[in-house]
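Peer 1: return a 3D structure for these sequence lines:
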Amino acid sequence: MQRIGLFGGSFDPVHLGHLLVAQAAREELQLSRLFFIPAAQSPFKPDLAPAPPEQRLRLLRLALAGRPGCAIDEQEINRGGVSYTIDTVRDCVRRFPGAQLFYLIGADHVPLLPRWRDAGDLAGLVEFVVIPRPGGVVAPFPAPFRGRALAGFPLGVSSSQIRERVKAGLPIDLLVGAAVAESIHNNRLYL
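Peer 2: Numbering: from 1, shown residues only. I've put the predicted structure just below:
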């Protein structure tokens, strides 16, 4: 049976914390593949307009170059509008029949799961995997959701911190990697 990880988010921009999560998930869950799924628009951040999709995809391609077992799934970008996890998961169930699906989420989303679109259906289709924040506590899963927490590599860095550092003219290369930092600089993103 295939074990497939789904890692959704804005990735605005992708950073080393995301890559460490991907590595921990691949190892701890023994994943066959892990898909990074950039959202067109997060339903939880309706007032935050992310960088253009083509820019975020470029940064993801740079960050994932040479990382076996990781790929980009562009379906939410291609659909446009608000990105709902249930639509993505249903598509993955169709594309990977019989696979066991794991959906990675930040610890702050666990209490909100019952408010996600078609929450009952979603709970039956995937096992959730929580990405803990350093020093944070993972809330128990509300019924009918099931899941576990990743053990490895929590890193206290966020995309919003990186955007703030870019605006302030501070270096970001150690937080995003040299190729991603160069692309952000060359394309004048987040200024």
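
Peer 1: distance between the ends of stretch 145-165?
Peer 2: 36 Å (CA to CA, to the nearest Å).

Peer 1: in it, which residues are buried?
Peer 2: Phe145, Gly147, Ala149, Leu150, Phe153, Pro154, Leu155, Val157, Ser159, Ile162, Arg163, Arg165 (16 or more other CB atoms under 10 Å). Bear in mind the C-beta positions are built from the backbone N, C-alpha and C, glycine included.

Peer 1: for it, what is the distance to the chain centroid?
Peer 2: Between the centre of stretch 145-165 and the centre of its chain there are 9 Å (CA atoms, centre = their mean, to the nearest Å).

Peer 1: what sits up against it?
Peer 2: Residues outside stretch 145-165 that contact it (CB atoms under 8 Å, 6 or more residues apart in numbering) are 10-17, 20-21, 23-25, 27-28, 104, 107, 110, 113-114, 119, 123, 127-134, 136, 138, 141, 171-172, 175-176, 190.

Peer 1: can you tell me which residues contact the residue nearest to Gly120 when sequence neighbours are not counted?
Peer 2: Distances taken as CB to CB, 6 or more residues apart in numbering place Pro144 nearest to Gly120, at 6.6 Å, with adjacent residues excluded. By CB under 8 Å, 6+ apart, the contact set of Pro144 is Gly120, Ala123, Gly124.

Peer 1: quick one: Pro144 is in a strand?
Peer 2: No: applying DSSP: H, G, I helix; E, B strand; the rest coil, one finds Pro144 to be coil, outside a strand.

Peer 1: could you measure from it over to Glu127?
Peer 2: 12 Å (CB to CB, to the nearest Å).

Peer 1: and what of Arg115?
Peer 2: Distance from Arg115 to Glu127, counting by CB to CB: 19 Å.

Peer 1: these two: which is more packed in?
Peer 2: Each of Arg115 and Glu127 has its neighbours counted (other CB atoms under 10 Å); Glu127 has more, 16 against 11.

Peer 1: so what's that one bridging to?
Peer 2: Under DSSP bridges, the beta-bridge partners of Glu127 are Phe102.

Peer 1: which element is Ile4 on?
Peer 2: strand 3-9 (DSSP states H and E).

Peer 1: give the pairing partners of that strand; include direction for each.
Peer 2: By DSSP bridges, strand 3-9 pairs with strand 33-38 (parallel), strand 100-106 (parallel).

Peer 1: between these, which one is closest to Gly81.
Peer 2: The closest of the strands paired with strand 3-9 to Gly81 is strand 33-38. By CB to CB, the value is 13.8 Å.
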